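1. build me a model from this:
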Amino acid sequence: MGKVWRGLAIVAALALTGALLWPIFKPAGPTPPQGGGRRGGEAGAPVPVLVASARVADTPVYLEGVGTVKALNSVVVRPQVDGQIVEIAFKEGQDVAKGDVLARIDPTLYQAALAQATAKKGQTEAQLANARRDLVRYETLVANKAGTVQQLETQRALIAQFEAQIRADQAAIDSAAATLGYTTIRAPISGRAGLRMVDVGNLVRAGETSGLVTLTQLKPISVLFNLAQQHAPRVMTALASGAGVPAEALDGEARIVIDRGALAVVDNQIDQTTGTIRLKAEFPNAELKLWPGGFVNVRLTVEMLRGVIVAPSAAIQRGPKGAFVYVVDGDRAAVRPVTVRQQDETDAVVAEGLAAGDRVVTTGFARLTDQARIAVGSGGDRPPPRPQVQSAPADQGGANAAAPAADPAAGQGERRKRRREGGGPPQ
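-> As a prediction, this is how the structure comes out:
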């Protein structure tokens with residue numbers, strides 16, 4: 001009987017041990033399907049996306065190049081006479097106008113030369129006056145047959161000689177006066193003075209290569225840049241229209257417009273070494289943001305496409321068969337091939353494949369496939385704001401306006417609703 005009780009006790013102990021260990025070693029059941037994967041829209045929850053509508057707009061056609069800022073006029077001011085600098089009348093970095101006094105050279109020697117030339121002319125004029133009085137006497141003697149005709153003609157020649165000498169003396173006076181004027185050095189152009197090369201008391205000589213200072217015109221200013229030779233016909237066509245070719249100077253990242261101007265000159269030949277053509281655009285540079293010698297990006301507007309279909313560049317995807325977009329079809333996204341005519345960092349001009357009002361996906365491509373179920377997130381169906389560099393026409397019907405920021409509380413409520421319905425977090 002004792003053996004039976006011991007056996008029952010062992011069985012009870014094993015049963016209790018199994019009951020305690022069962023939750024730990026219980027085999028895992030099948031995992032419920034989760035939204036996502038390569039076909040997340042079909043396997044589970046809809047894929048969260050943002051969308052925008054294609055629209056009709058006027059879009060400019062741009063040509064871009066890298067250019068160098070160059071002053072329209074730059075002059076090295078050099079002395080034209082020898083002498084000692086007695087005055088410097090400008091400050092480094094000062095804006096000067098044409099004709100302003102920049103410096104003065106000691107004029108003592110040149111004033112003396114002018115006085116000498118003036119005195120020489122006075123001497124010749126006195127001799128001429130005496131010769132004319134003698135001519136009157138000779139004419140009287142010849143009339144009374146008391147003098148010879150030869151003496152009369154000789155006197156007339158002497159008068160002509162003095163008259164010529166007076167003209168020579170006047171030329172010498174003009175030369176001395178001009179030389180004296182060179183002792184006052186004036187600005188030949190309006191511009192900004194650079195670093196001064198000489199100081200008061202220095203002896204300067206005519207034609208010194210270093211000069212006194214360099215004057216540079218900053219308003220307006222030009223930019224020299226190159227374009228590929230295949231763009232030359234489009235540029236020439238735009239110039240021939242007579243309306244001018246607008247040009248924009250952009251910063252190094254080609255995002256911010258520094259200044260706006262117009263194309264001024266197209267070179268008369270193509271560089272065979274590089275296969276490019278050289279162009280020059282002029283800018284007013286009212287705020288002095290362009291500086292000679294600097295590098296900037298230049299963008300020309302050579303054409304305006306009127307009434308074309310425009311979609312956000314973010315919607316354009318690339319595949320083995322070319323460009324395509326995801327078009328919203330009810331609660332699904334359908335792949336549609338498109339032909340892109342031109343594209344920049346903001347907008348793409350679609351020649352074929354889209355119509356005005358078509359809604360295209362702009363964000364959320366990671367889990368998106370053809371015919372996948374989608375959920376349009378808050379803030380969708382609005383075109384993104386254009387960056388500062390984009391020049392929009394005056395009236396676009398609000399198509400280029402920036403979308404207002406979404407309400408954070410509304411966004412949190414939308415995410416909680418999706419989680420209750422089994423959806424994943426919005427991207």
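2. now the end-to-end length of stretch 96-108.
-> Stretch 96-108 has an end-to-end distance of 27 Å (Cα to Cα, to the nearest Å).
3. and it, which residues are buried?
-> Of the residues in stretch 96-108, 96, 102-107 count as buried by neighbour count, 16 or more other Cβ atoms under 10 Å. C-beta here means a position set from N, CA and C on the backbone, and glycine is covered the same way.
4. contacts for that stretch?
-> For stretch 96-108, the surrounding residues in contact (Cβ atoms under 8 Å, 6 or more residues apart in numbering) are 77, 79, 81, 83-90, 180, 182-193, 198, 204, 212-213, 215.
5. picking that back up, out of the buried residues of stretch 96-108, flag the one nearest to Ala355.
-> Of all those, Ala355 sits closest to Val96, with 60.8 Å by Cβ to Cβ.
6. so what's that closest one bridging to?
-> Counting by DSSP bridges, Val96 is bridged to Gly191.
7. and it, how far is that from Ala89?
-> Val96 is 9 Å from Ala89, where distance means Cβ to Cβ, to the nearest Å.
8. and Glu345, by the same measure?
-> Glu345 is 51 Å from Ala89, by Cβ to Cβ.
9. neighbour count for these two, which is higher?
-> Ala89 (15 against 12; other Cβ atoms under 10 Å).
10. and the buried residues of stretch 96-108, which of them are in strands?
-> When those are checked against strands (DSSP state E), the matches are 96, 102-105.
11. which among the contacts of stretch 96-108 end up buried?
-> Buried among those by 16+ other Cβ under 10 Å: 77, 79, 81, 83, 85, 88, 90, 180, 182-183, 185-187, 189-193, 198, 204, 212-213, 215.
12. now, which of the residues you listed lie within helices?
-> Here DSSP state H is the test, and the buried ones among the contacts of stretch 96-108 give Leu180 as lying in helices.
13. which residues does stretch 253-272 contact?
-> Contacts to stretch 253-272, defined as Cβ under 8 Å, 6+ apart, come from residues 64, 220, 222, 226, 229, 232, 235-236, 238-239, 244-251, 276-287, 289-290, 296-297, 299-300, 387-389, 391.
14. an error on my part: the question was meant for stretch 136-144.
-> Contact partners of stretch 136-144, identified using Cβ under 8 Å, 6+ apart, comprise 147-149, 151-152, 155.
15. in contact with Val298: list those residues for me.
-> By Cβ under 8 Å, 6+ apart, Val298 lies in contact with 64-67, 223, 225, 247-250, 281.
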